[in-house]
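In: How does the following fold in three dimensions:
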Amino acid sequence: MKIKGTVTSGKGNGRNYLLEEGYLQQCKRKLGFIPYPGTLNIKIDERDMKKFGKLKQGHAIILHGFKKNSKVFGSVKCFRAVLMGKDVVIVVPEKSFYTDIMEIISDKNLRNELSLKDGDCVEVNIKNA
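Out: Numbers count the residues shown, from 1 in each chain. As a prediction, this is how the structure comes out:
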């Protein structure tokens, strides 16, 4: 499955969540890497919104939610994908703020690694979908 979209800036919340130990250890164990602290956000092309909805219902790698002090962190669905020849993971938080934004993680800063800027059009190839 391929989903097209446009690189866009997020709210910066992904960084905070990715630094949480409860997620970091699961990423290392289940995804095979420690993610760069931040997500690459892709505004999904309107024509591909149905595909994204279908993806979210599909088989995923699950990062389980946890509780830290009095704060509850929700589960995260993860889907392996390829962006511009680079292996990445699409993350879909249980408590997502977005409906039309695909959040992507990697072990690298993808904006720098792939020379991406807001407004760039990209295509994400989802593995096994």
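
In: Give the buried residues for the top helix by length along the chain.
Out: When the chain is parsed with DSSP state H, its longest helix is helix 49-57. The neighbour-count check on helix 49-57 (16 or more other Cβ atoms under 10 Å) flags Lys51, Phe52, Leu55 as buried. C-beta coordinates here come from the backbone N, C-alpha and C atoms, glycine included.

In: Now render the residues you listed as a markdown table, adding pLDDT.
Out: Output for the buried residues of helix 49-57, formatted as a markdown table (pLDDT from 0 to 100):
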| residue | pLDDT |
| --- | --- |
| Lys51 | 96 |
| Phe52 | 95 |
| Leu55 | 93 |
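
In: Can you tell me which of the residues you listed is nearest Val82?
Out: Relative to Val82, the closest of those is Leu55; by Cβ to Cβ it sits at 14.0 Å.

In: Next up, the contacts around that closest one.
Out: Taking Cβ atoms under 8 Å, 6 or more residues apart in numbering, we find Leu55 in contact with Met1, Ile3, Phe79, Ile90, Ile126, Ala129.

In: Considering those residues, which possesses the most neighbours?
Out: The most crowded member of these, judged by other Cβ atoms under 10 Å, is Ile90 (26 neighbours).

In: what about it, helix or strand, and which?
Out: Using DSSP states H and E, Ile90 falls within strand 86-93.

In: Are there helices or strands packed against that strand, and which ones?
Out: For strand 86-93, the packing partners by 3 or more Cβ pairs under 8 Å, 6 or more residues apart in numbering; DSSP states H and E come out as strand 76-83, strand 101-105, helix 110-113, strand 121-126.

In: hang on, isn't Ile62 packed against Val76?
Out: Yes: between Ile62 and Val76 a contact is recorded at 7.3 Å, counting by Cβ atoms under 8 Å.

In: mind checking the SS state of the residue lying closest to Ile34 once chain neighbours are set aside?
Out: Closest residue to Ile34 apart from its sequence neighbours, by Cβ to Cβ, 6 or more residues apart in numbering: Lys28 at 5.5 Å. When classified by DSSP: H, G, I helix; E, B strand; the rest coil, Lys28 comes out as helix.

In: No further questions, thank you.
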